[in-house]
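Chemist: Sharing a model that was predicted from the sequence below.
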Amino acid sequence: MADEPRPNEMPTVREDLSNLKLVSRATYMKEAALKNLFLLCAFMAVAGVALIFLFVGYRGWPIFTEVGLGDFLFGQVWLPTEGLFGILPLFVGSIVVTIGALLLGTPLAVGAAVFLSEIAPPKVRSIVRPAIELLAGVPSVVYGFFGLLILRPVVADLTGGLGFGPLTAWIILAIMIVPTIATLTEDALQSIPGGVREASYAMGATKWQTISRVLLPAAKIGIVDAVILGMGRAIGETMAVLMVVGNAPGFFRGMGAPLSTLTSQIVMDMPYASGMHRTALFGMAIILFLVSMGLVLTVRLLSRLREDAS
């Protein structure tokens, strides 16, 4: 009892309040500065996209008024020296190359994601996952050299041509889109609650039945998101496609026949194009921009559907 403070020695409420350390004005100013900095970063990102679209739209819009939207989009001949600016063969070439790459790359990427998420032991996973992620860091020109020097002769022997064409581009692009689709698919599979797997095993399902009939259907929206983003990666690829596709602005005539795409034709023609020819290239860039925006919008809608379903 001797150690207890006497009533007159107890600290008063006013003394307690005086000892509190309030947030200083400098701290408030720092927080406000950081908030404005982050807001500026977000605004610059949005403004950058808007300025690019406005610039490309301003430079490319005259092609739609001078040549006409229908003749530009559905014209079947690309011959700028003769005043023919039909991009339909180029657009079809882009679609053919993209779809072929998806058909080859999607099963490989989904299979790799399933292996990493559900089958691979930790030691194997620690080796395979970085190897797949490393594919995303390889420059596209290196893929182009690989396709030009290694794959092209093999394709030439198979098709009887020079080896330039959709088949070589399919293989190269399929390898390039694997990291995107595999990583996002693995994330979709790992986001499924563990209780779903346990319930499937408790019902007597095998591992393969659980994967094929439970996990993959449950993650289908996430897998579709991954495939759409992989499609955007494939349709916008330029350098690797330019080196192996053949760059002949005509319609698809076979896996070994050269063709051209929107991106490769822009790169081929831009150094020397002038006048309406140059404007047409900017018009092609507008089409690519709109396609990319459509793919991103589709992904956002699917993501919202997944959130509503969950």
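Modeler: That came in fine, so what should we check first?

Chemist: can you pull out the strands in the stretch 101-250 of the chain?
Modeler: Taking DSSP state E, counting those that start in this stretch, the stretch 101-250 of the chain contains no strands at all.

Chemist: What segments of it are helices?
Modeler: 122-137, 140-146, 152-159, 166-190, 194-202, 207-210, 216-218, 220-235, 239-244 (DSSP state H, counting those that start in this stretch).

Chemist: need the helix or strand of the chain with the lowest average pLDDT.
Modeler: Ranked by mean pLDDT, DSSP states H and E, the weakest helix or strand in the chain is helix 13-19, scoring a mean of 51.

Chemist: rewinding a little: output the helices of the stretch 101-250 of the chain as CSV; include the columns mean pLDDT, distance to A280 and mean neighbour count.
Modeler: C-betas here are computed from N, CA, C, even on glycine. Output for the helices of the stretch 101-250 of the chain, formatted as CSV (pLDDT from 0 to 100; distance: least, C-beta to C-beta, whole Å; neighbours: other C-beta atoms under 10 Å):
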stretch, mean pLDDT, distance to A280, mean neighbour count
helix 122-137, 89, 33, 12
helix 140-146, 92, 24, 17
helix 152-159, 90, 29, 16
helix 166-190, 93, 23, 24
helix 194-202, 87, 52, 12
helix 207-210, 90, 52, 14
helix 216-218, 90, 44, 15
helix 220-235, 89, 19, 21
helix 239-244, 90, 18, 25
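
Chemist: could those helices be laid out in CSV, adding distance to I63?
Modeler: Putting the helices of the stretch 101-250 of the chain into CSV (distance: least, C-beta to C-beta, whole Å) gives the following:
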stretch, distance to I63
helix 122-137, 34
helix 140-146, 27
helix 152-159, 34
helix 166-190, 26
helix 194-202, 52
helix 207-210, 53
helix 216-218, 44
helix 220-235, 20
helix 239-244, 22
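
Chemist: out of the ones you listed, nearest to W61?
Modeler: Closest to W61 of the helices of the stretch 101-250 of the chain, according to C-beta to C-beta: helix 220-235, at 22.1 Å.

Chemist: centroid residue for this structure?
Modeler: In the chain, the residue lying closest to the centroid (C-alpha atoms, centre = their mean) is L229, at 3.8 Å.

Chemist: contacting residues for that residue?
Modeler: 180-181, 184, 295, 299 (C-beta atoms under 8 Å, 6 or more residues apart in numbering).

Chemist: Please convert those to JSON lines, extending it with distance to T263.
Modeler: Output for these, formatted as JSON lines (distance: C-beta to C-beta, whole Å):
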{"residue": "T180", "distance to T263": "17"}
{"residue": "I181", "distance to T263": "20"}
{"residue": "L184", "distance to T263": "23"}
{"residue": "L295", "distance to T263": "15"}
{"residue": "V299", "distance to T263": "20"}
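
Chemist: ok, of those, which one's closest to P249?
Modeler: Closest to P249, out of all of the contacts of L229 and judged by C-beta to C-beta, is L295, at 24.0 Å.

Chemist: what about that closest one, neighbour count?
Modeler: 18 (other C-beta atoms under 10 Å).

Chemist: so it makes contact with G230?
Modeler: No - using C-beta atoms under 8 Å, L295 makes no contact with G230, being 9.9 Å away.

Chemist: can you pull the contacts of the spatially closest residue to L148 that is not a sequence neighbour?
Modeler: Excluding its sequence neighbours, the residue lying closest to L148 (C-beta to C-beta, 6 or more residues apart in numbering) is M243, at 5.1 Å. Residues near M243 by C-beta under 8 Å, 6+ apart: 141, 144-145, 147-148.

Chemist: let's see 10 Å
Modeler: M243 sits next to 140-141, 143-149, 152, 164, 168-169, 172, 264 when contact means C-beta atoms under 10 Å, 6 or more residues apart in numbering.

Chemist: cool, and Q209?
Modeler: Contacts of Q209 (C-beta under 10 Å, 6+ apart): 200-201, 203.

Chemist: Check the spacing between it and A112 real quick.
Modeler: When distance is defined by C-beta to C-beta, to the nearest Å, Q209 is 20 Å away from A112.

Chemist: Phi first, then psi, for A205.
Modeler: Backbone dihedrals for A205, given as degrees, to the nearest 10, come out at phi -80, psi 150.

Chemist: Right, I'll leave it there.
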